[in-house]
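Asker: with the input below, show me the fold.
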Amino acid sequence: MLDRYEAGIVLTGTEVKSAKSGKIQLKESYAEVTEGEAWLMNAHISEYSHGNIMNHAPVRKRKLLLHRSEIEKLRAETREKGLSIIPTKLYLKAGLIKLEIAVAKGKKFHDKREAIKAREMQAEARAAIGRRARE
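Answerer: Residues are numbered from 1 along each chain as shown. Have a look, this model is predicted:
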């Protein structure tokens, strides 16, 4: 990860209640800059359990609140250098919900193969140790 930013996030009432109760999934989410605004994409905030028919959609794009200079810097890094913006954590700060985003470099295909190979080797080693312990 290269840079980290703290961003506010625009949420509806039921989204705030769900986020405060920890019903949020950032696993497949990412951020992007379009038309001079930063957006959080693919974040899953579960519907509020006590919500009515006005409950929010679990997956939608949500606006991120950043300074103009930060948005321009993010836009430049993602367009020119081919970097990605990923959310790392969601937390409360002075009663407000904040999102930490980081600029990161994606893995190349050969890097993924090496990671898979290392993971398989570790699994085989653990299995061998387990077999030895049972003998």
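
Asker: switch to C-alpha atoms for all contacts and neighbour counts from now on
Answerer: Noted.

Asker: buried stuff in stretch 85-93?
Answerer: By neighbour count on 16 or more other C-alpha atoms under 10 Å, the buried set for stretch 85-93 is 85-88, 90.

Asker: how far is it from where the chain is centred?
Answerer: With C-alpha atoms, centre = their mean, to the nearest Å as the basis, stretch 85-93 stands 7 Å off its chain's centre.

Asker: how close does the closest residue to residue 42 other than its chain neighbours sit to residue 84?
Answerer: In space, and not counting its chain neighbours, residue 42 is closest to residue 29: 4.5 Å by C-alpha to C-alpha, 6 or more residues apart in numbering. Distance check for residue 29 against residue 84: by C-alpha to C-alpha, to the nearest Å, it reads 11 Å.

Asker: residue 76 now?
Answerer: For residue 76, the distance to residue 84 under the criterion C-alpha to C-alpha works out to 11 Å.

Asker: more neighbours, the two?
Answerer: For the pair residue 76 and residue 84, the greater number of neighbours falls to residue 84 (18 against 14), based on other C-alpha atoms under 10 Å.

Asker: OK, contacts around the more buried one?
Answerer: Applying C-alpha atoms under 8 Å, 6 or more residues apart in numbering, we find residue 84 in contact with 30-31, 78, 103-106.

Asker: cool, and residue 85?
Answerer: With contacts defined as C-alpha under 8 Å, 6+ apart, residue 85 is in contact with 30-32, 74, 78, 101-104.

Asker: 6 Å - rerun?
Answerer: By C-alpha atoms under 6 Å, 6 or more residues apart in numbering, the residues touching residue 85 are 30-31, 102-103.

Asker: excluding chain neighbours, what is closest to the residue nearest to the spatial centre of the chain?
Answerer: Against the mean C-alpha coordinate of the chain, by C-alpha atoms, centre = their mean, the closest residue is residue 87 at 3.2 Å. With sequence-adjacent residues excluded and distances taken as C-alpha to C-alpha, 6+ apart, residue 87 is closest to residue 101, at 4.2 Å.
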